[in-house]
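J.: Predicted model and sequence follow; I will ask about them next.
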Amino acid sequence: MSARLQDKVAIVTGAAGGIGAATARLFSAHGARVVGLDLLGTPADDHLVCDVTDPAAVSEALATALARHGRIDVLVNNAGSDVFDDPLSSNDDAWDRCLALNLKGAWNVARAVLPSMLAQGAGSIVNIASVHGHKIIPGCFPYPVAKHGLVGLTRSLAIEYAARGIRVNSISPGLILVPRIEAWFEREPGARERQTALLPPKRIGTPEEVAHTALFLASDEARFINAADIVIDGGRSQVYHD
């Protein structure tokens, strides 16, 4: 295996499970020193307990990472959570929680790593957005609002700092077999089969497939890719459904 991130330092948020854990493992296998930020234990080389919605906690965690490793080359903003509701039934707490977890948290960590990336004149940020950032599914408010915002944050930062060596891209996964999806399938008999039938490949994506795309975007192989969003959904969002 080629070490595509050899000697690079990578921060992965939400690294305790699902896409974040798969990304941490893959990055480590490709030579990166991985610092996982999560409220739970992670498979990263270093684990820092951190609530990404708390700017002070994020600043402290990133200062610790810099003190240990001397630099930060890659950030993968993966931390987030589904918040699905009916718009008029939703309350301010749900709105605030959704925006804090799925948008503001990514900005908190990006804001903390950007000064060191700018100082070294290089860095790659990969935001894990969602197909909800492109298509609207009824009953999922306000999650799509946050994910549309995350795609916008990606493009805004990418253009702002491109000339200073920073690349910012996003990945928009569709249905991926992360633990919360597995739990949903356990609760609803037949849901797995119905969802699989909707996907053109007739199978559901894996966290490792998203992680491999993050690896590419984080690596120097993607050095002229900036302000891009890559949809990983097996083609489902391109298919018209009645």
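T.: Cool, the structure landed.
J.: For the lengthiest helix in the chain, name the packing helices and strands.
T.: Scanning the chain for the helix with the most residues, using DSSP state H, yields helix 143-161. Contacts defined by 3 or more Cβ pairs under 8 Å, 6 or more residues apart in numbering; DSSP states H and E place helix 143-161 against helix 92-99, helix 105-120, strand 123-128, strand 166-173. (Glycine included, C-beta is placed from N, CA and C.)
J.: Save these as JSON lines, and put in mean neighbour count too.
T.: Below are the helices and strands packed on helix 143-161 laid out as JSON lines (neighbours: other Cβ atoms under 10 Å):
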{"stretch": "helix 92-99", "mean neighbour count": "15"}
{"stretch": "helix 105-120", "mean neighbour count": "20"}
{"stretch": "strand 123-128", "mean neighbour count": "27"}
{"stretch": "strand 166-173", "mean neighbour count": "24"}
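J.: Pipe the ones you listed into JSON lines and attach distance to residue 22 per row.
T.: As requested, the helices and strands packed on helix 143-161 are exported to JSON lines (distance: least, Cβ to Cβ, whole Å):
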{"stretch": "helix 92-99", "distance to residue 22": "24"}
{"stretch": "helix 105-120", "distance to residue 22": "18"}
{"stretch": "strand 123-128", "distance to residue 22": "11"}
{"stretch": "strand 166-173", "distance to residue 22": "11"}
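J.: Ok, which of these comes nearest residue 62?
T.: helix 105-120 (4.2 Å; Cβ to Cβ).
J.: who does the closest one touch, helix- and strand-wise?
T.: Short answer (3+ Cβ pairs under 8 Å, 6+ apart): helix 105-120 packs on strand 9-13, helix 55-69, strand 74-77, strand 123-128, helix 143-161, strand 166-173.
J.: any idea of the mean pLDDT in that helix?
T.: Average pLDDT, helix 105-120: 98.
J.: tell me how far it is from the chain's mean position?
T.: Chain-centre distance of helix 105-120: 15 Å, with Cα atoms, centre = their mean, to the nearest Å.
J.: ok so residue 231 is a strand residue?
T.: Yes: assessed with DSSP: H, G, I helix; E, B strand; the rest coil, residue 231 lies in a strand.
J.: Run through this structure and note the low-pLDDT ranges.
T.: Along the chain, the parts satisfying pLDDT under 70 run over 1, 242.
J.: thinking again about what came up before, buried ones in the longest helix of the chain?
T.: Of the residues in helix 143-161, 143-151, 153-155, 157-158, 161 count as buried by neighbour count, 16 or more other Cβ atoms under 10 Å.
J.: what angle do it and strand 123-128 make?
T.: Angle, helix 143-161 to strand 123-128, by axes from the mean of the first three to the mean of the last three Cα atoms, to 10 degrees: 170 degrees.
J.: any residues touching helix 143-161, and which ones?
T.: Applying Cβ atoms under 8 Å, 6 or more residues apart in numbering, the contact partners of helix 143-161 are 77, 80, 82-84, 98-99, 101-103, 106-107, 110, 114, 118, 125, 127, 129-130, 132-137, 166-170, 172, 226-227, 229.
J.: Export it to PDB, keeping only CA atoms.
T.: Below are the C-alpha coordinates for helix 143-161, written out as PDB (Å, rounded to 0.1, in the frame of the first residue of the first chain):
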ATOM      1  CA  TYR A 143     -31.100  19.000   8.600                       C
ATOM      2  CA  PRO A 144     -31.000  20.100   4.900                       C
ATOM      3  CA  VAL A 145     -30.700  23.700   6.000                       C
ATOM      4  CA  ALA A 146     -27.500  22.900   7.900                       C
ATOM      5  CA  LYS A 147     -26.000  20.700   5.200                       C
ATOM      6  CA  HIS A 148     -26.800  23.300   2.400                       C
ATOM      7  CA  GLY A 149     -24.900  25.700   4.700                       C
ATOM      8  CA  LEU A 150     -22.000  23.300   5.000                       C
ATOM      9  CA  VAL A 151     -21.600  23.100   1.300                       C
ATOM     10  CA  GLY A 152     -21.700  26.900   1.200                       C
ATOM     11  CA  LEU A 153     -19.100  27.200   3.900                       C
ATOM     12  CA  THR A 154     -16.900  24.800   1.900                       C
ATOM     13  CA  ARG A 155     -17.000  26.900  -1.200                       C
ATOM     14  CA  SER A 156     -16.600  30.200   0.600                       C
ATOM     15  CA  LEU A 157     -13.500  29.100   2.500                       C
ATOM     16  CA  ALA A 158     -12.100  27.400  -0.500                       C
ATOM     17  CA  ILE A 159     -12.200  30.600  -2.600                       C
ATOM     18  CA  GLU A 160     -11.100  32.800   0.300                       C
ATOM     19  CA  TYR A 161      -7.900  30.900   0.900                       C
END
